[in-house]
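**Student:** I would like to see how this sequence folds:
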Amino acid sequence: MSPDHHGQVFYFSPESLEALKAEASPNNTSKISDQSWVSTNDALSTLLWRTVMAVQNPFETLEEDPVSAFNITIDGQLWTDPPVHLDTLCCNLEYIAVSAHIRQILGSAELAVLALLMLKAHPCRQAVHWRRGSSG
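**Tutor:** Predicted coordinates:
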């Protein structure tokens, strides 16, 4: 591993994940949205994206208005239409990309606003319930 890269293991208790999910909820933003929920994965991904951007790009050192792209892999089997049988042998990965100006990520954007960006990146997720009965 490069001396410039460091590995770290983080533990998020079930209680802290619930609190994070509540903070990232669309109910906690002034932005108008028909979205009523975010998944735990959306909330955690949003926190990680904002944290990495804060470490790599301190607000006071930003030049111009750079954009950050966040790519995430999701289980596409949950979203296929028509549905793919759960026992089907295939690669069901889907990739979504979210982008935002770093100043927005680090500045005024609430965690809930960034989580909504995650949801909007995958249109199938906006109003669909999970096929396996889980809400994330």
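**Student:** For the closest residue to residue 112 other than its chain neighbours, report the pLDDT, please.
**Tutor:** Nearest non-adjacent residue to residue 112, counting by CB to CB, 6 or more residues apart in numbering: residue 29, 3.9 Å away. C-beta: built from backbone N, CA, C; applies to glycine. Note on residue 29: pLDDT of 81.
**Student:** Residue 4 now?
**Tutor:** Predicted confidence (pLDDT) for residue 4: 78.
**Student:** again with the one 3 residues further on
**Tutor:** In this model, residue 7 is scored at 81, pLDDT.
**Student:** For it, give its distance to residue 83.
**Tutor:** Separation of residue 7 from residue 83 (CB to CB, to the nearest Å): 38 Å.
**Student:** So between those two, which is more surrounded?
**Tutor:** Remark: of residue 7 and residue 83, residue 83 carries more neighbours, 11 against 5, as counted by other CB atoms under 10 Å.
**Student:** pretty sure that one is in a helix, no?
**Tutor:** No. Counting by DSSP: H, G, I helix; E, B strand; the rest coil, residue 83 is not found in a helix; it is coil.
**Student:** Give me the distance between residue 16 and residue 110.
**Tutor:** Distance of residue 16 to residue 110, computed by CB to CB: 18 Å.
**Student:** just residue 41 next, same as before
**Tutor:** Distance check for residue 41 against residue 110: by CB to CB, it reads 18 Å.
**Student:** Please apply the same query to residue 32.
**Tutor:** 14 Å.
**Student:** Quick check: residue 52 is in a helix.
**Tutor:** Yes. Assessed with three-state DSSP, residue 52 lies in a helix.
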